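> Compute the structure for the input listed below.
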Amino acid sequence: MHIQQFYDEGLAHASYAIVSQGKIALVDPGRNPQPYRDFAEAYSGQIVAVIETHPHADFVSSHLEFHTQEGATIYVSKLVGATYPHQSFDQGDILPLGAISLRALHTPGHSPDSISILLRDELGKDHALFSGDTLFIGDVGRPDLREKAGNLTAQREELAKMMYHTVQKQLKPLADDVLVFPAHGAGSLCGKNLSDARQSTIGEQRATNWAFADQNETTFVANLLQGQPYIPKYFGFDVDLNKQGAPAYQQSISRVSILPEGTTLRSDFLVIDTRKQSEFAAGHIPGAINIMNGGKFETWLGSIVGPEEKFFLVAETTAELEILIHKTAKIGYESGIAGAVVNPAGMTATGTNFDLEAFQNNPGAFTLVDIRSRDEHANSPIFEAALNIPLPELREHVHEIPLDKPILIHCAGGYRSAAGVSIVAGQVDAIPVLDFSEAIKDFQIAAH
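Prediction:
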């Protein structure tokens with residue numbers, strides 16, 4: 001028996017291959033099937049099963065592709081209402097795999113249709129728990145993503161109560177030495193206090209995870225609901241896409257057109273310019289949104305742009321465009337790309353330089369907009385007078401910003417503010433829109 005973890009840093013997503021006697025089962029695979037195929041080839045194994053712990057909100061799974069191209073059976077809870085060919089896998093169901101077995105546990109809380117998978121080794125001993133988004137290292141899954149999405153919907157309070165009983169009845173009885181393999185690590189928006197550790201044990205979680213502490217249901221629910229992060233625009237879209245099964249990866253991204261340099265882009269579609277902030281400020285298409293290509297590009301794309309919107313991708317090089325298309329496909333947004341291009345025509349808009357000294361001499365001469373999350377703004381204030389509009393909501397709330405003074409936008413380090421400035425400047429013509437950029441770090445130190 002061998003367990004292989006695959007980790008996507010951009011989405012903080014962990015998936016798994018379990019192999020025994022040449023038979024391979026995948027758990028929560030990501031959109032690109034190639035790493036798992038490479039693993040199967042290296043181990044001279046056959047992918048015979050794909051297990052989905054629930055319809056994921058933050059990434060698109062390749063489960064349907066493995067069924068159609070490899071003939072693998074998809075195992076998922078009957079509660080999902082999956083519209084793709086599958087075998088139901090619910091409480092107590094057992095999947096033999098070579099010399100080991102995989103047993104389904106019904107573990108609702110993050111979603112009403114969540115399962116976890118308990119691996120029993122060659123001796124029939126509980127060896128590992130693949131906990132999906134139910135149990136993380138240091139936390140449990142957030143309960144507020146299924147109020148409007150999926151076959152089964154539930155209010156966050158109801159799901160939080162389900163999570164309490166999942167911990168009490170399904171997780172706490174497991175032996176201390178059972179390994180824990182979650183679907184996400186630190187940086188994921190599927191929980192709020194995730195560790196950067198990639199695996200743990202039930203015993204370690206019993207000792208350190210707040211969800212395992214002695215507490216009644218009311219206290220647990222209050223703790224779980226408090227301080228959850230924002231919900232990106234793409235999350236409901238991905239739940240529904242995973243419920244029906246996504247199109248084949250390579251075939252889907254091959255349909256994205258890379259346009260010739262100098263192409264004039266349609267004005268009725270968004271332009272997502274992924275170049276560095278300095279390059280964007282030197283010249284860009286009017287109204288373009290500057291989401292720089294970085295470690296969390298796909299998350300910010302899906303937070304700022306809705307799944308129904310069409311957009312062009314702009315990058316510095318064709319090689320970068322290829323990378324960006326692959327990143328976009330991880331959240332199922334490749335179908336929204338109207339085209340990808342280097343140096344399109346019409347990059348006539350420019351940014352306005354921020355005079356730090358002028359701000360220091362007279363901060364009241366600017367309208368400050370803090371585009372960090374509400375929790376960041378409340379718990380780590382930088383400027384008392386700043387108007388807080390979180391970046392994922394900014395496009396819809398620019399009209400709330402007063403226009404009597406130059407607008408100065410800040411975040412925590414400069415990445416988000418580049419996007420924020422581009423959004424506001426695209427809607428405001430009358431006054432300068434300025435980016436605090438990385439200079440904000442010195443003010444954070446002073447504020448604390």
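
> Show me what counts as buried in stretch 92-100.
Asp93, Leu95, Leu97, Gly98, Ile100 (16 or more other CB atoms under 10 Å). Where C-beta positions appear, they are placed from N, C-alpha and C, glycine not excepted.

> swap in stretch 118-135?
Leu118, Leu119, Asp126, His127, Ala128, Leu129, Phe130, Ser131, Gly132, Asp133, Thr134, Leu135.

> CA atoms of it as CSV?
The C-alpha trace of stretch 118-135 is given here as CSV (Å, rounded to 0.1, in the frame of the first residue of the first chain):
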residue,chain,number,x,y,z
LEU,A,118,-11.5,5.5,6.3
LEU,A,119,-8.7,3.4,5.0
ARG,A,120,-8.2,0.0,6.6
ASP,A,121,-4.9,-1.7,6.0
GLU,A,122,-4.0,-5.3,5.0
LEU,A,123,-4.6,-6.4,8.6
GLY,A,124,-8.0,-4.7,8.8
LYS,A,125,-6.7,-1.9,11.1
ASP,A,126,-7.9,1.7,10.7
HIS,A,127,-4.9,3.4,9.1
ALA,A,128,-5.9,6.8,7.6
LEU,A,129,-8.8,9.2,7.3
PHE,A,130,-9.3,11.1,4.1
SER,A,131,-11.4,13.9,5.6
GLY,A,132,-12.2,16.1,2.6
ASP,A,133,-13.4,19.5,3.8
THR,A,134,-14.8,18.0,7.1
LEU,A,135,-11.7,17.9,9.2
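
> Would you mind checking the average pLDDT for that stretch?
On average, the pLDDT along stretch 118-135 is 98.

> So which of the buried residues of stretch 92-100 is the closest to Glu384?
Of all the buried residues of stretch 92-100, Glu384 sits closest to Asp93, with 56.4 Å by CB to CB.

> So for the residue nearest to the closest one when sequence neighbours are not counted, what's the pLDDT?
The shortest distance from Asp93 to any non-neighbouring residue, by CB to CB, 6 or more residues apart in numbering, is to Ala104 (4.5 Å). Here, the pLDDT recorded for Ala104 equals 98.

> how much space between the closest residue in space to Gly203 that isn't next to it in sequence and Ala315?
Closest residue to Gly203 apart from its sequence neighbours, by CB to CB, 6+ apart: Asp176 at 2.9 Å. Distance of Asp176 to Ala315, given as CB to CB, to the nearest Å: 49 Å.

> Between the two, which is the more surrounded one?
Neighbours per residue (other CB atoms under 10 Å) separate Asp176 from Ala315, with Ala315 holding more: 21 against 11.

> Please verify my assumption that the more buried one contacts Arg275.
Yes. Contact criterion CB atoms under 8 Å: Ala315 and Arg275 qualify, at 6.5 Å.

> what do those two both touch?
Listed as contacting both Ala315 and Arg275 by CB atoms under 8 Å, 6 or more residues apart in numbering are Asn293.

> secondary structure class for the spatially most central residue of the chain?
By CA atoms, centre = their mean, the chain has its centre lying nearest to Asp58, at 4.0 Å. Three-state secondary structure (criterion: DSSP: H, G, I helix; E, B strand; the rest coil) places Asp58 in coil.

> How is this protein divided into domains?
Split into domains by automatic domain parsing, the chain comes to 2-238, 247-342, 356-447.

> how about the helices in the stretch 251-400 of the chain?
Using DSSP state H, counting those that start in this stretch, the helices found in the stretch 251-400 of the chain span residues 277-282, 297-304, 318-330, 356-361, 374-379, 391-397.

> between those, which gets nearest to Leu265?
Judged by CB to CB, the one of these that comes nearest to Leu265 is helix 318-330, at 13.8 Å.

> distance between that closest one and the chain's centre?
16 Å (CA atoms, centre = their mean, to the nearest Å).

> where along the stretch 151-300 of the chain do the strands fall?
Taking DSSP state E, counting those that start in this stretch, the strands of the stretch 151-300 of the chain run over residues 179-182, 200-201, 258-259, 270-273, 289-290.

> Tell me which residues touch Ser200, please.
Taking CB under 8 Å, 6+ apart as the test, what Ser200 contacts is Ile137, Leu179, Val180.

> Of the residues you listed, select the buried ones using a ChimeraX command.
Buried members of the contacts of Ser200, defined by 16+ other CB under 10 Å, are picked up in ChimeraX with:
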select :137,179,180
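
> can you redo the contacts of Ser200 as a markdown table with distance to Leu79?
Output for those, formatted as a markdown table (distance: CB to CB, whole Å):
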| residue | distance to Leu79 |
| --- | --- |
| Ile137 | 26 |
| Leu179 | 26 |
| Val180 | 23 |
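
> With respect to Leu403, which of the contacts of Ser200 is nearest?
For the contacts of Ser200, the nearest to Leu403 is Ile137 (46.4 Å; CB to CB).

> what's the closest of the strands of the stretch 151-300 of the chain to Val305?
Evaluated with CB to CB, the strands of the stretch 151-300 of the chain place strand 270-273 nearest to Val305, the distance being 6.4 Å.

> so what strands line up beside that closest one?
strand 289-290 (parallel), strand 311-315 (parallel) (DSSP bridges).

> quick one, which of those is nearest to Ile389?
Set against Ile389 and scored by CB to CB, the strands paired with strand 270-273 come closest in strand 289-290, at 15.2 Å.

> Report the mean confidence score over that closest one.
98.

> before we move on, back to that, go through the strands of the stretch 151-300 of the chain and pick out the most buried.
Scoring the strands of the stretch 151-300 of the chain by mean neighbour count under mean count of other CB atoms under 10 Å gives strand 289-290 as the most buried, with a mean of 27.

> contact partners of it?
Contacts of strand 289-290 (CB under 8 Å, 6+ apart): 270-275, 277, 280, 284, 304-305, 418-419, 421-423, 426.
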